[in-house]
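Enquirer: need a structure here:
(one chain, ligands or ions: 3)
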Amino acid sequence: MENTRNINEIEAAKQLDIINELKAMYDIEYEKTKIIKTYHIETFGCQMNSRDSEKISGILRQIGYKETDTEDADFVLYNTCTVRENANNRVFGRLGYVGKLKKSRPGMLVALCGCMMQETTAVDKIKESYPFVDIIFGTHNIFKLAELIKTRLDNEKTAVKQSDKMVIDLWKDTEMIVENLPNERKYSFKAGVNIIFGCNNYCSYCIVPYVRGRERSRSPKDIIDEVKALAADGVVEVMLLGQNVNSYGKNLEPRVTFAELLREIEKIEGIERIRFMTSHPKDLSQELIDVMRDSKKICKHLHLPLQSGSSRLLKIMNRKYTKEDYLDLVDRISKAVPDISLTTDIIVGFPGETEEDFLETMDVVRKVNFDSAFTFLYSKRTGTPAATMDNQIEESVAKERFERLLAEIQSLSSLSAGKDEHTVQKVLVEEVNSQDENLLTGRLSNNMLVHFPGDKSLIGQIIPVYLEESKGFYYIGSQVW
Ligand code: SAH
Ligand code: SF4
Ligand code: F3S
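Expert: Ligands and ions are numbered 1, 2, ... in the order given. Have a look, this model is predicted:
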């Protein structure tokens with residue numbers, strides 16, 4: 001453990017040196033041109049990727065880049081996702097566009113990183129069809145960004161062909177957790193905090209364990225220090241991030257549970273709200289339910305992916321719980337935290353799914369009455385066990401089930417929407433409404449949105465708001481004075 005720590009610290013120091021070296025170089029360029037270089041990041045996928053993009057932003061800003069909101073920039077980076085096939089297709093679409101843009105912008109750098117880059121076939125296709133890409137790295141080495149930029153700039157001087165200039169640095173897996181590099185935050189008052197990287201669960205349809213590597217928990221001290229620093233900087237809400245937060249601490253010496261970590265974070269002054277994502281039902285302990293019941297800060301929202309309501313399919317999916325286990329868990333949580341909002345993920349059309357299996361999913365959906373559910377058509381991911389199962393479902397059958405599920409979820413949520421109508425709730429004010437600048441948008445503890453008239457000086461504060469009217473997915477409210 002101590003040794004790994006030293007390696008991580010040495011690596012961080014090395015990267016900081018390279019950041020400073022690039023900064024000095026860019027400063028000299030600026031003195032000549034008086035132009036500040038711009039960067040643009042497009043992030044696909046989940047919160048893990050969003051958090052990585054913040055770290056990448058931090059490094060780029062430190063080097064001297066400033067952010068711009070279009071791809072007409074000096075440095076364009078796509079942080080990719082590959083959880084479903086359509087995520088990949090979107091990236092190839094963007095690359096077609098940026099390739100044309102690059103022709104009219106000499107010196108522009110195009111970089112790719114994230115989960116899709118961990119797949120050899122995707123990288124081969126990029127080398128073949130998009131040779132203008134300058135830098136490719138993966139999910140395990142984002143801390144090396146400055147070094148990769150430097151190598152790319154050095155290649156400019158030595159490489160003969162365009163293809164020799166491309167810098168590719170991909171790691172299969174890593175033990176490293178490099179802390180204390182420059183860092184950015186999208187919001188001043190709320191922040192995502194990684195607590196565990198990777199995933200060991202190998203759900204049979206899922207590519208994440210192959211592209212994000214083995215589970216690695218950050219040390220409780222590093223997490224607590226980060227949250228304390230965030231609180232000192234005005235952050236009131238933290239979102240603890242991991243593919244399976246309930247698995248936190250299993251590989252730490254001494255062992256720490258997720259519930260214990262939450263108890264420590266709860267004590268940090270200034271933090272008013274704690275969220276976490278994602279919870280795997282098989283690892284959600286009674287200890288965690290007790291902590292949620294007793295906590296004043298943990299938000300009344302739990303995202304608990306179901307995937308399927310059929311115990312038979314859940315077994316083939318390698319989820320390690322049954323329909324009954326899931327319903328029992330929901331029952332215990334709902335009793336402990338009566339006003340909790342439950343949301344979920346469901347996959348339709350997994351190989352071998354029968355009408356009976358599908359009806360089991362519909363049954364759980366009706367019994368639990370989720371506040372919202374993300375539904376996905378099963379997508380075949382090369383390298384996962386499900387991809388080679390010989391009973392793949394026809395697309396038309398899967399789509400028909402998908403539509404039925406969606407309709408059921410919509411009709412159930414319209415019945416239960418507005419549970420909090422005509423009550424006063426605490427709201428974290430997040431931003432000016434994107435449609436109407438006289439309105440502010442905030443979130444209730446249960447993650448529901450509320451729009452209400454107010455002054456933008458309230459952004460970042462937690463204030464009481466009267467929920468006048470439910471509009472299904474959001475409320476219209478008014479500030480309580
Ligand atoms: N770690 C989280 C979710 C990660 S991926 C968890 O365990 O719940 C987010 C969601 O994408 C998953 O919950 C699942 O519903 C969906 N998903 C993952 N692989 C998929 C695939 N091959 N096809 C369709 N949906 C998939
Ligand atoms: Fe994928 Fe399962 Fe891991 Fe979630 S828990 S990331 S669905 S393998
Ligand atoms: Fe996508 Fe990677 Fe997240 S595959 S869902 S960005 S972990």
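
Enquirer: would you map the helices across this structure?
Expert: Applying DSSP state H to the chain gives helices spanning 2-33, 47-63, 85-103, 120-129, 145-158, 162-165, 208-212, 220-232, 258-266, 286-294, 311-316, 323-336, 355-368, 395-416.

Enquirer: run through the residues of the protein sitting next to ligand 2.
Expert: For the chain, the residues in contact with ligand 2 (C-beta under 6 Å from any ligand atom) are 199, 201-203, 206, 208-209, 243-244, 280. (C-beta placed from N, C-alpha, C; glycine too.)

Enquirer: list only buried entries from those residues.
Expert: 199, 201, 203, 206, 208-209, 243-244, 280 (16 or more other C-beta atoms under 10 Å).

Enquirer: possible to save the residues you listed as JSON lines with distance to ligand 1 and pLDDT?
Expert: Shown next, in JSON lines, are these (distance: C-beta to the nearest ligand atom, whole Å; pLDDT from 0 to 100):
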{"residue": "C199", "distance to ligand 1": "6", "pLDDT": "96"}
{"residue": "N201", "distance to ligand 1": "7", "pLDDT": "96"}
{"residue": "C203", "distance to ligand 1": "7", "pLDDT": "98"}
{"residue": "C206", "distance to ligand 1": "4", "pLDDT": "98"}
{"residue": "V208", "distance to ligand 1": "6", "pLDDT": "97"}
{"residue": "P209", "distance to ligand 1": "10", "pLDDT": "96"}
{"residue": "Q243", "distance to ligand 1": "4", "pLDDT": "94"}
{"residue": "N244", "distance to ligand 1": "6", "pLDDT": "95"}
{"residue": "H280", "distance to ligand 1": "5", "pLDDT": "97"}
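
Enquirer: taking those residues one by one, which sit in strands?
Expert: When DSSP state E is applied, these are split such that none fall in strands.

Enquirer: among those residues, which are within reach of ligand 3?
Expert: Okay, of those touching ligand 3 (C-beta under 6 Å from any ligand atom), that's V208.

Enquirer: for the buried ones among the residues of the chain next to ligand 2, which one is nearest ligand 3?
Expert: V208 (4.9 Å; C-beta to the nearest ligand atom).

Enquirer: which residues are in contact with the closest residue in space to that closest one that isn't next to it in sequence?
Expert: Closest residue to V208 apart from its sequence neighbours, by C-beta to C-beta, 6 or more residues apart in numbering: C199 at 5.1 Å. Contact partners of C199, counting by C-beta atoms under 8 Å, 6 or more residues apart in numbering, are 206, 208-209, 212, 215, 243-244.

Enquirer: what do you get if the cut-off is 10 Å, keeping everything else the same?
Expert: Residues near C199 by C-beta atoms under 10 Å, 6 or more residues apart in numbering: 48, 206, 208-215, 242-244, 247, 278, 280.

Enquirer: could you do G96 as well?
Expert: Contacts of G96 by C-beta under 10 Å, 6+ apart are 129-130.

Enquirer: what does the stretch 1-150 of the chain have sitting close to ligand 3?
Expert: 45-46, 48-49, 81-83, 115.

Enquirer: and if we set it to 8 Å?
Expert: By the criterion of C-beta under 8 Å from any ligand atom, the positions of the stretch 1-150 of the chain lying close to ligand 3 are 44-49, 79-83, 87, 114-116, 139.

Enquirer: tell me the pLDDT of whatever residue of the chain ends up closest to ligand 3.
Expert: Using C-beta to the nearest ligand atom, the closest approach of the chain to ligand 3 is made by G45 at 2.5 Å. At G45 the predicted local distance difference test score is 95.

Enquirer: equivalent analysis for the one 4 residues further on, please.
Expert: What the model reports as pLDDT for N49 is 96.

Enquirer: pop out the phi and psi values for the residue in the stretch 251-400 of the chain positioned nearest to ligand 2.
Expert: Residue nearest to ligand 2 within the stretch 251-400 of the chain (C-beta to the nearest ligand atom): H280, separated by 5.2 Å. Recorded main-chain torsions at H280 are phi -90, psi 130, according to degrees, to the nearest 10.

Enquirer: show me the beta-bridge partners of the residue nearest to C113 when sequence neighbours are not counted.
Expert: Excluding the flanking residues, the one nearest C113 by C-beta to C-beta, 6+ apart is F137, at 4.8 Å. Taking DSSP bridges as the rule, F137 bridges to D169.

Enquirer: quick one: the residue nearest to V208 and T278, what's the gap?
Expert: From C199 across to T278, the span is 10 Å (C-beta to C-beta, to the nearest Å).

Enquirer: which neighbours do these two share?
Expert: 48, 242-244.

Enquirer: return the member of these nearest to ligand 2.
Expert: Q243 (4.0 Å).

Enquirer: what sits against that closest one?
Expert: If you count contacts by C-beta under 10 Å, 6+ apart, then Q243 has 46, 48, 196-201, 206, 208-209, 212, 215, 277-278, 280 around it.

Enquirer: now do Y202, the pLDDT please.
Expert: The model's pLDDT for Y202 equals 97.

Enquirer: revised request: answer the last question for R5.
Expert: 67.

Enquirer: would TSV of the helices of the chain with distance to Y475 be doable?
Expert: Listed next are the helices of the chain as TSV, based on distance: least, C-beta to C-beta, whole Å:
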stretch	distance to Y475
helix 2-33	44
helix 47-63	24
helix 85-103	32
helix 120-129	42
helix 145-158	41
helix 162-165	53
helix 208-212	34
helix 220-232	28
helix 258-266	27
helix 286-294	24
helix 311-316	35
helix 323-336	22
helix 355-368	22
helix 395-416	14
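
Enquirer: and those, which one is worst for confidence?
Expert: Looking at the helices of the chain, the bottom one is helix 162-165 with a mean of 79.

Enquirer: buried residues, it. List them.
Expert: Of the residues in helix 162-165, those buried under the neighbour-count criterion (16+ other C-beta under 10 Å) are K165.

Enquirer: excluding covalently adjacent residues, which one is nearest to K320?
Expert: Using C-beta to C-beta, 6+ apart, the closest residue to K320 is K282 (4.3 Å).

Enquirer: wait, that neighbour sits on S247?
Expert: Yes - at 9.2 Å, K282 counts as touching S247 under the criterion of C-beta atoms under 10 Å.

Enquirer: comparing those two, which residue is more hemmed in?
Expert: S247 (22 against 17; other C-beta atoms under 10 Å).

Enquirer: per-residue confidence at that one?
Expert: For S247, pLDDT reads 96.

Enquirer: ok, it to M277 distance?
Expert: 13 Å.

Enquirer: now A73
Expert: Distance from A73 to M277, by C-beta to C-beta: 30 Å.

Enquirer: more neighbours: which of the two?
Expert: Ranked by neighbour count (other C-beta under 10 Å), A73 and M277 place A73 first, with 23 against 18.

Enquirer: can you get me a residue count around the nearest residue in space to T382 that is not next to it in sequence?
Expert: Closest residue in space to T382, ignoring its immediate chain neighbours: T121 at 6.8 Å, by C-beta to C-beta, 6+ apart. T121 is flanked by 11 other residues according to other C-beta under 10 Å.

Enquirer: and what of D339?
Expert: 10.

Enquirer: surely it is in contact with M292?
Expert: No - with contact defined as C-beta under 10 Å, D339 does not reach M292; the gap is 11.5 Å.

Enquirer: need the overlap of contacts for the two.
Expert: Counting by C-beta under 10 Å, 6+ apart, the residues touching both D339 and M292 are K300.

Enquirer: ok so, going back, which of the helices of the chain sits closest to F189?
Expert: Each of the helices of the chain was scored for nearness to F189 using C-beta to C-beta, and the closest is helix 220-232 (9.7 Å).
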